[in-house]
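Q: Following is a predicted model, sequence given first.
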Amino acid sequence: MWDFSTDAAFQERLDWAAGFVRTEIEPLDVLFPGNAEPYDRDSEVFREVVRPLQRQVREQGLWAAHLPPSLGGMGMGQVNLGLLNEILGRSSWAPMVFGTQAPDSGNAEILAHYATEEQRKEYLEPLLDGRIVSTFAMTEPTGGADPGGFTCRAVRDGEEWVIDGEKWFASNYPHAAFVIAMVVTDPDVPVHKGASMILVPAGTPGMEMVRGTGMAGEPLGEGVHAYLRFTGCRVPAANLLGEPGSGFRIAQTRLGGGRLHHAMRSVGQCRRALEMMTERIASRRTRGGPLSDQQAVRHQLADTWVQIEQFRLQVLHAAWQTDRAAGTGDPADARRARLHVSGVKVATPKVLVDVAYRALHLHGALGVSNELPLAKMWNSGPTLGVADGPTEAHQDVIARLLLKDATAADDQLFGSAHLPTRLAAARAKYADRLKETAVTW
Ligand SMILES: Cc1cc2nc3c(=O)[nH]c(=O)nc-3n(C[C@H](O)[C@H](O)[C@H](O)COP(=O)(O)OP(=O)(O)OC[C@H]3O[C@@H](n4cnc5c(N)ncnc54)[C@H](O)[C@@H]3O)c2cc1C
């Protein structure tokens with residue numbers, strides 16, 4: 001059955017979320033536009049404004065909506081989460097206020113599966129409650145897209161692991177209470193079988209930030225994406241999460257969800273750009289009338305709407321595939337979900353860049369200035385083309401999955417669609433009934 005409608009009771013909660021984000025959270029985006037501020041748990045804004053807002057979200061039953069009820073979340077499934085995330089994507093503070101921000105969302109899932117009782121109490125519970133934030137450190141300075149190049153090692157020494165090596169772009173490290181790091185524990189096998197996840201509490205001797213890297217436009221030296229160095233850094237043996245060598249399996253679980261959630265929120269950003277574009281061309285006057293009198297301008301509006309609708313359906317369909325795979329547990333469904341998630345990962349940067357570009361272009365100088373959020377939105381396109389794995393890696397996943405069931409044509413020279421060959425077969429098929437029909441070939 002195909003049905004694009006939203007359950008009426010859930011729509012009411014979405015409407016509440018939409019109003020709440022606009023009136024209560026979007027002002028925070030204006031007051032604190034930096035990338036680091038939402039993650040600072042010691043700030044006045046967190047204590048005085050964010051905590052009370054988070055309480056309201058809990059009262060509405062919308063807290064940590066990505067998590068199952070056993071972890072204090074809603075377990076609402078990816079499609080409903082997609083509809084909610086479209087609303088949260090309008091604001092950089094909203095995921096924090098709703099308890100769905102990366103990388104904490106994925107790190108919580110890892111701890112829920114693999115942490116000891118003690119680690120759950122110390123790290124998972126405050127993380128789920130939004131009292132602490134965390135870091136995920138997988139990428140290394142020598143390369144992120146190719147894990148084969150990872151060299152950060154952990155060596156077992158009695159009841160401890162000793163970590164040596166470097167990590168790069170470990171987001172939110174300056175505010176994090178702990179780091180989940182990917183480390184090579186067995187260098188003698190391929191990295192996808194020899195890497196593990198390890199928990200390193202903040203302040204552990206031997207873990208230091210070489211520097212904090214920021215995003216384009218931020219002042220040098222003040223960024224939250226850490227260049228990390230581990231030198232003889234010791235953690236208890238129990239801090240290795242899951243089986244030794246299972247690091248990549250664990251990483252894929254969290255990265256798949258993260259990619260889909262970024263895409264859902266990108267739909268929200270695109271819709272916001274469309275609203276701004278529509279308002280602008282209806283109000284700005286040129287040659288005696290509104291900009292929207294110009295056919296070229298109207299076509300940009302139409303193209304933008306079409307592109308967003310296509311993207312939105314693609315994202316919700318990938319969410320539906322993900323729900324289905326979780327429901328059936330069938331590996332074939334899981335493969336199909338992976339194909340669709342990689343599809344939205346490839347589509348996201350292009351749609352963001354196209355939509356934000358048209359919106360900022362139609363705003364003229366104001367659009368490219370620092371007085372509108374459009375240039376920042378535009379830059380989130382290339383950023384999402386790299387974060388969580390570059391576009392090419394996902395194009396590769398898609399192509400490999402599509403080719404998995406491909407078979408070579410019997411006629412390798414002309415292929416199975418070759419019209420003369422098919423015409424001969426069609427003639428033969430109906431030869432006894434179509435004796436008088438003229439055949440031109
Ligand atoms: C905002 C942001 C936040 C991030 N947060 C985190 C984090 O919290 N934790 C973490 O571990 N990492 C994080 N990253 C890092 C991210 O995962 C890596 O940037 C990404 O995996 C790419 O690695 P790289 O930057 O080393 O690029 P490279 O691996 O050097 O790749 C650079 C380019 O080379 C090309 N390329 C690479 N491989 C191929 C290929 N096989 N085929 C064709 N072309 C290819 C692509 O064009 C690619 O963009 C973050 C990145 C960003 C931008």
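A: Sure thing, it's come through.
Q: Let me know the secondary structure of the nearest residue to Pro69 once chain neighbours are set aside.
A: In this structure, Pro69 finds its nearest non-sequential neighbour in Gly75, 4.8 Å apart by Cβ to Cβ, 6 or more residues apart in numbering. Where you see a C-beta, it was placed from the backbone N, CA and C, and this is true even at glycine. Here Gly75 is coil, with the state taken from DSSP: H, G, I helix; E, B strand; the rest coil.
Q: contacting residues for Gly75?
A: If you count contacts by Cβ atoms under 8 Å, 6 or more residues apart in numbering, Gly75 has them with 67-69.
Q: can you do 10 Å?
A: 64-69, 81 (Cβ atoms under 10 Å, 6 or more residues apart in numbering).
Q: cool, Tyr123 as well?
A: Tyr123 touches 107-108, 111, 115, 132, 134, 177-178, 180, 199, 201, counting by Cβ under 10 Å, 6+ apart.
Q: again with Pro174
A: Here Pro174 is in contact with 36, 39-40, 133, 135, 202, 209, 212, 222-226 (criterion: Cβ under 10 Å, 6+ apart).
Q: now these in CSV, with pLDDT and neighbour count?
A: Shown next, in CSV, are the contacts of Pro174 (pLDDT from 0 to 100; neighbours: other Cβ atoms under 10 Å):
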residue, pLDDT, neighbour count
Ala36, 78, 19
Tyr39, 83, 22
Asp40, 85, 18
Val133, 94, 24
Thr135, 97, 27
Ala202, 97, 15
Met209, 97, 12
Gly212, 95, 18
Glu222, 82, 14
Gly223, 90, 21
Val224, 93, 24
His225, 95, 22
Ala226, 97, 25
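Q: Between those, which sits nearest Gln395?
A: His225 (24.8 Å; Cβ to Cβ).
Q: my read: that closest one touches Trp168, true?
A: Yes. His225 sits in contact with Trp168 when judged by Cβ atoms under 10 Å, with a separation of 8.1 Å.
Q: which neighbours do these two share?
A: 139, 213.
Q: Can you get me a residue count around the residue in the chain positioned nearest to the ligand?
A: Nearest to the ligand, among the residues of the chain, is Gly144, at 2.3 Å (Cβ to the nearest ligand atom). Residues within reach of Gly144, counting by other Cβ atoms under 10 Å, total 20.
Q: Can you list phi and psi of it for me?
A: Backbone geometry at Gly144, expressed as degrees, to the nearest 10, gives phi -110, psi -40.
Q: I'd like to check which residues are in contact with it.
A: Gly144 neighbours (Cβ under 10 Å, 6+ apart): 138, 150, 167-169, 386-390, 393.
Q: Local confidence estimate at Thr437?
A: In this prediction, Thr437 carries a pLDDT score of 64.
Q: no wait, Thr440
A: pLDDT, read off for Thr440, is 54.
Q: Around the ligand, which positions in the stretch 301-441 of the chain sit nearby?
A: Residues of the stretch 301-441 of the chain lying close to the ligand (Cβ under 6 Å from any ligand atom) are 383, 386-390, 392-393.
Q: ok, and the most crowded of the residues you listed?
A: Neighbour max across those (other Cβ under 10 Å) = Asp388, 23 neighbours.
Q: so that one makes contact with Gln252?
A: No. If you go by Cβ under 10 Å, Asp388 and Gln252 don't touch, sitting 11.0 Å apart.
Q: picking that back up, out of the contacts of Gly144, name the ones that lie in strands.
A: Among the contacts of Gly144, the members falling in strands (DSSP state E) are 167-169.
Q: Let me see the contact set for Asp333.
A: So Asp333 contacts 321-327 (Cβ under 10 Å, 6+ apart).
Q: so it sits in a helix?
A: Yes. Assessed by three-state DSSP, Asp333 belongs to a helix.
Q: Name the residues of the stretch 1-150 of the chain found near the ligand, please.
A: So far as Cβ under 6 Å from any ligand atom goes, the stretch 1-150 of the chain lies against the ligand at 103, 136-139, 143-146.
Q: Show me which of those residues has the smallest pLDDT value.
A: Among those, Gly143 has the lowest pLDDT, at 84.
Q: What residues of the biggest helix by length in the chain count as buried?
A: If each helix of the chain is counted by residues according to DSSP state H, the longest one is helix 247-283. Buried positions in helix 247-283, judged by neighbour count with 16 or more other Cβ atoms under 10 Å: 247-248, 250-251, 254-274, 276-278, 280-281.
Q: would you say Ile198 is within a strand?
A: Yes. Secondary structure of Ile198 (three-state DSSP): part of a strand.
Q: tell me the contacts of it?
A: Applying Cβ under 10 Å, 6+ apart, the residues near Ile198 are 137, 152, 154, 161, 163, 179-183, 185, 230, 233, 235, 239-242, 244, 247.
Q: Return the subset of these lying in helices.
A: Gly247.
Q: out of the contacts of Ile198, which are buried?
A: 137, 152, 154, 161, 163, 179-183, 185, 230, 233, 235, 239-242, 244, 247.
Q: Among these, which lie within strands?
A: Short answer: those in strands (DSSP E) are 137, 154, 161, 163, 179-183, 230, 233, 235, 240-241.
Q: wait, isn't Ala65 in contact with Ala94?
A: No. If you go by Cβ under 10 Å, Ala65 and Ala94 don't touch, sitting 11.7 Å apart.
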